[in-house]
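>>> mind folding the following:
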Amino acid sequence: MKREMRIDLKIEPVKKPYLNAYYVAQTIAEKLIRHFPHRSVVHNAMNRALEGGAKGIKVQVGGRIGGAEISRREKYFQGTIPTSTIREDVDFARYPALTRSGYIGVKVWICK
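Numbers count the residues shown, from 1 in each chain. Predicted structure coming up:
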């Protein structure tokens, strides 16, 4: 007995990509892989998210940032990000970036 399954796929573009935490984390990680300066990459992404209508954004970058010998974590904030409440719509994503010196983890919280 063979059954036929039909799958209906609709691909829609993301209307506001800088309010999507996964997209923001992915763009930051891709620029870190291409050896862009991490501070300017993160600040540009945060400014675009706030211009797109976000209430606040938090970005954490951890690992051997800039090819350093000792790994570290750096956090960047703009606006308000209430992480301990369910009332606000907070989008979270993490994305790894494999650089020459090792993995750099990118975490993004966006309060919509």
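>>> next, count neighbours for residue 26.
Other residues near residue 26 come to 17 when the count uses other CB atoms under 10 Å. Yep, even glycine has a C-beta here, placed from its N, CA and C like the rest.
>>> give the helix, strand or coil label for the spatially most central residue of the chain.
In the chain, the residue lying closest to the centroid (CA atoms, centre = their mean) is residue 25, at 1.9 Å. Following DSSP: H, G, I helix; E, B strand; the rest coil, the label given to residue 25 is helix.
>>> quick one: it and residue 93 touch, right?
Yes. With contact defined as CB atoms under 8 Å, residue 25 counts as touching residue 93 (4.6 Å).
>>> so what sits against both of these two?
Counting by CB atoms under 8 Å, 6 or more residues apart in numbering, the common neighbours of residue 25 and residue 93 are 107, 108.
>>> quick one: residue 24 and residue 51, what's the gap?
According to CB to CB, to the nearest Å, residue 24 stands 13 Å off from residue 51.
>>> can you list residues touching both of these two?
The contact lists of residue 24 and residue 51 share residue 18, where a contact means CB under 8 Å, 6+ apart.
>>> how about the strands of the protein, start to end?
For the chain, the strands defined by DSSP state E cover 56-63, 72-79, 90-99, 102-111.
>>> list the contacts of the second one.
Spelled out, it's strand 72-79. Residues outside strand 72-79 that contact it (CB under 8 Å, 6+ apart) are 38, 42-43, 46-47, 50, 54-62, 65, 111.
>>> list the buried residues for stretch 75-86?
76, 78, 81 (16 or more other CB atoms under 10 Å).
>>> pLDDT check: weakest of those residues?
Lowest in pLDDT among these is residue 81, which has 87.
>>> quick one, what contacts it?
With contact set as CB under 8 Å, 6+ apart, residue 81 has these partners: 55, 56, 57, 58, 90, 109, 110, 111.
>>> among the contacts of strand 72-79, which ones are buried?
The neighbour count (16+ other CB under 10 Å) marks 38, 42, 46, 50, 54-62, 65, 111 as buried among the contacts of strand 72-79.
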